[in-house]
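[1] how would this look folded up:
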Amino acid sequence: MEIVTPGATNLGLFIGAALVLLLTPGPAVLYIVARSVEQGRLAGFVSDLGIHTATLVHVLAAALGLSALLASSALAFSVVKYAGAAYLVWLGLKKIFGRTEASDLGAALKRTRYARLFRDGFIVNLFNPKTALFFLAFLPQFVDVNRGHVAMQIVLLGLLFTFMGFMTDGCYALAAGTAGNWLKRSRAYLRFERYASGVLFIGLGLTAAFAGNHKK
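    Model prediction:
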């Protein structure tokens, strides 16, 4: 089967536009930064992996035309938007009011914790309607219709975007995890860290809940 790609000009424009968007901090970046500061660079990378695994689902949905259905259905848009927002708020409340984890957890518990981080990142991005709408509105702009196989072109652009996103968000995880190791030497940070992280997650949830209210 022949692999059809967009033209070189379209591909170059797409890479430039994608880099600008990816380097601008958004909900996914803030989520990764919070996890990295809280639990270290590995936690940030695991969250990054979960987020962009969900991105692959959005890429597939865009290629199959499901994103168009999401954009055209007010009910579907609202369900996805508020489900994602509620999950973020729940994470924040759990962080603020939940019990503090012991520092001497065994390897089995650590593995569960990282699996949970992956799951949380996956769900946060999977139920982010802005991601689905982004692929609906952004990727088609760089598809060369004259080359045919539009779905294949969307998949290839989506895979490229996912790879770039994983790398740029990984840089944020690295930087935030390094800063987090330094911050956690401060007693004041240890005292307020759980509240700051909790408020951040709740803020992200509320932002997601009220985002897109201008949509007709």
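[2] please count neighbours and contacts with C-alpha atoms only from this point.
    Fine.
[3] touching, residue 173 and residue 49? I think so.
    No - contact between residue 173 and residue 49 fails when scored by CA atoms under 8 Å: they sit 11.0 Å apart.
[4] return the helix or strand in the protein with minimum mean pLDDT.
    helix 66-72 (a mean of 62; mean pLDDT, DSSP states H and E).
[5] just checking, what's the longest helix in the protein?
    Among the segments of the chain that qualify as a helix by DSSP state H, the longest is helix 150-183.
[6] helices or strands next to that one in the packing?
    With contacts defined as 3 or more CA pairs under 8 Å, 6 or more residues apart in numbering; DSSP states H and E, the packing partners of helix 150-183 are helix 8-23, helix 27-39, helix 41-64.
[7] how about a cut-off of 10 Å?
    helix 8-23, helix 27-39, helix 41-64, helix 129-138, helix 187-210 (3 or more CA pairs under 10 Å, 6 or more residues apart in numbering; DSSP states H and E).
[8] what about residue 121, how many residues close to it?
    Neighbour count of residue 121, defined by other CA atoms under 10 Å: 25.
[9] helix 129-138 and the helix or strand hosting it, what's the angle between them?
    Using DSSP states H and E, residue 121 maps to helix 107-126. Interaxial angle, helix 107-126 versus helix 129-138 (axes from the mean of the first three to the mean of the last three CA atoms, to 10 degrees): 50 degrees.
[10] show me how far helix 107-126 is from its chain's centre.
    Taking CA atoms, centre = their mean, to the nearest Å, one finds helix 107-126 lying 14 Å from the centre of the chain it belongs to.
[11] next, the buried residues of it.
    114, 115, 117, 118, 119, 120, 121, 122, 123, 124, 125, 126 (16 or more other CA atoms under 10 Å).
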